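Enquirer: Turn this into a model:
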Amino acid sequence: MSTSTSTTSKVKILLVDDEPSNLLSMEAALECLGQELVKANSGEEALSRLLRDDYAVVLLDGHMPGIDGFETAELIRQRPRSRHTPIIFVTGSFVSEEMMFKGYSSGAVDYIIKPVITGILRAKVEVFIELARIRHQLEAEVDDKIRVAAKVSKLNLELEKKNRELRVANSSLESFSYSVSHDLRAPLSHITGYIGLVERYKPQLSEELQDYLEKVKKSAIRMRELIHSMLNYARSGHVAMSEEPIDLDVLIADIVREDLRTEDRRIEWTIAKLPEVKGDPTLLRQVFSNLLSNAVKYTGLRPVAKIEVGWNESQNGNDRIFFVRDNGAGFDMKYVNQLFGVFQRLHSDDQFEGNGVGLATVRAIVENHGGKTWAEGKEDEGSVFSFSLPK
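Expert: Numbering: from 1, shown residues only. Just a heads-up that it's a prediction; the model follows:
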């Protein structure tokens, strides 16, 4: 077995005999295997060595003064560390059936008769060298797996802790957003009311003051829209959701007819027949409404806008994937991770109006339905916004 001698890892082989010449003979026969040969000249010394180290095989003389080979074998088997160590009896006497039975009962796995034939001894020992190496390799793999499992378990605990902290932080953020947005509505209503009162005297104002009044009015309108968006985002995180069958074909038709500003626009709609889903009708309407509104907005500079609504099944068949594709302004993919963040925008107000809350609301609603959101795009070549919903 050349494989056992080619590897650099060594195993220990214990040679036990009370005759030094026999030990030298076995050592000479086995030294070409390149392993660590350990000699003991009595049963007591063999037991002492087996307490300290592990051995691939023990070559044990059957007849020795003091503790003979059979007693030594029995004691080897009684000790937990050496219980499974292979023992080969090397004996110079005739081996009767009774002696052979006694040897096997004591724990022997084989017999070799003196004078030892070198080739037979070497072949048998090589088998146990290979078995020892395989056992050590398996033990190392098991240890590695145990370490990996322990590491994974620790990481899972840390991840769960982080998730709990994130849920608490998100809940606090949603409550804060709701509270701030709600508290801002009252003073904004007062501001809007006073603007209305001042507008009664608009003809009496100078052009400069009229310009200032118009700017204040536009700022108030923008603030109202921003507060409305923040409230929607905050509600999407903690509102109690219903689960009802939703006809998406009817839902999309209603959004196109009622929610979108498409006056004086040329839009080519491609809307596939969509499957029925289960979820909260109000929240999922907001998802599609936000995505379609974005598509309409970011195709505003196109002579002919092309907007497609479609769906397909995920590869594992567990989810339905819906998408809204457009030929609008698109975006640079290196900023894709910013798209679904609160108040994150990739275009200025001079290009396209917005407050950076719509896509964050989409993600919050979809995640509460057990789905995921993502986007693909290219600057000035359009974009595709997708989300999944579990079947």
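Enquirer: use CA for all of it now, contacts and neighbours both
Expert: Noted.
Enquirer: And Leu260, how close does it get to Glu71?
Expert: Plainly put, Leu260 is 95 Å away from Glu71 if you go by C-alpha to C-alpha, to the nearest Å.
Enquirer: What of Asn294?
Expert: From Asn294 over to Glu71 the distance is 88 Å, taken as C-alpha to C-alpha.
Enquirer: Low-confidence ranges, the protein, go.
Expert: Applying pLDDT under 70 to the chain flags the ranges 1-8, 93-96, 169-182, 222, 225-240, 342-356.
Enquirer: how does it look with 80?
Expert: 1-9, 92-108, 165-188, 190, 218-242, 341-357 (pLDDT under 80).
Enquirer: so where do the strands sit in it?
Expert: For the chain, applying DSSP state E gives strands covering 12-16, 36-40, 57-61, 87-91, 110-113, 244-246, 267-271, 277-279, 305-313, 319-326, 373-377, 383-390.
Enquirer: Mean neighbour count and distance to Leu47 added to these, as TSV?
Expert: Supplementary listing: the strands of the chain in TSV, determined by neighbours: other C-alpha atoms under 10 Å; distance: least, C-alpha to C-alpha, whole Å:
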stretch	mean neighbour count	distance to Leu47
strand 12-16	22	10
strand 36-40	17	9
strand 57-61	26	11
strand 87-91	24	13
strand 110-113	16	19
strand 244-246	14	76
strand 267-271	14	84
strand 277-279	18	73
strand 305-313	18	68
strand 319-326	20	65
strand 373-377	18	68
strand 383-390	21	65
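Enquirer: ok, back up a step: higher neighbour count, Asn294 and Glu71?
Expert: Asn294 (21 against 15; other C-alpha atoms under 10 Å).
Enquirer: Export the strands of the chain to JSON lines and append columns for distance to Gly358.
Expert: Supplementary listing: the strands of the chain in JSON lines, determined by distance: least, C-alpha to C-alpha, whole Å:
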{"stretch": "strand 12-16", "distance to Gly358": "71"}
{"stretch": "strand 36-40", "distance to Gly358": "73"}
{"stretch": "strand 57-61", "distance to Gly358": "73"}
{"stretch": "strand 87-91", "distance to Gly358": "76"}
{"stretch": "strand 110-113", "distance to Gly358": "79"}
{"stretch": "strand 244-246", "distance to Gly358": "22"}
{"stretch": "strand 267-271", "distance to Gly358": "22"}
{"stretch": "strand 277-279", "distance to Gly358": "19"}
{"stretch": "strand 305-313", "distance to Gly358": "18"}
{"stretch": "strand 319-326", "distance to Gly358": "15"}
{"stretch": "strand 373-377", "distance to Gly358": "13"}
{"stretch": "strand 383-390", "distance to Gly358": "13"}
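Enquirer: With Gly103 as the reference, name the closest of those.
Expert: Comparing the strands of the chain against Gly103 with C-alpha to C-alpha, the closest turns out to be strand 87-91 (7.6 Å).
Enquirer: And that closest one, what does it pack against?
Expert: Contact analysis of strand 87-91 by 3 or more C-alpha pairs under 8 Å, 6 or more residues apart in numbering; DSSP states H and E lists strand 57-61, strand 110-113 as its packing neighbours.
Enquirer: Could you export those strands as JSON lines, including distance to Thr282?
Expert: Formatted as JSON lines, these follow (distance: least, C-alpha to C-alpha, whole Å):
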{"stretch": "strand 57-61", "distance to Thr282": "75"}
{"stretch": "strand 110-113", "distance to Thr282": "80"}
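Enquirer: quick one: Glu97 and Leu30, what's the gap?
Expert: In this view, Glu97 and Leu30 are 28 Å apart by C-alpha to C-alpha.
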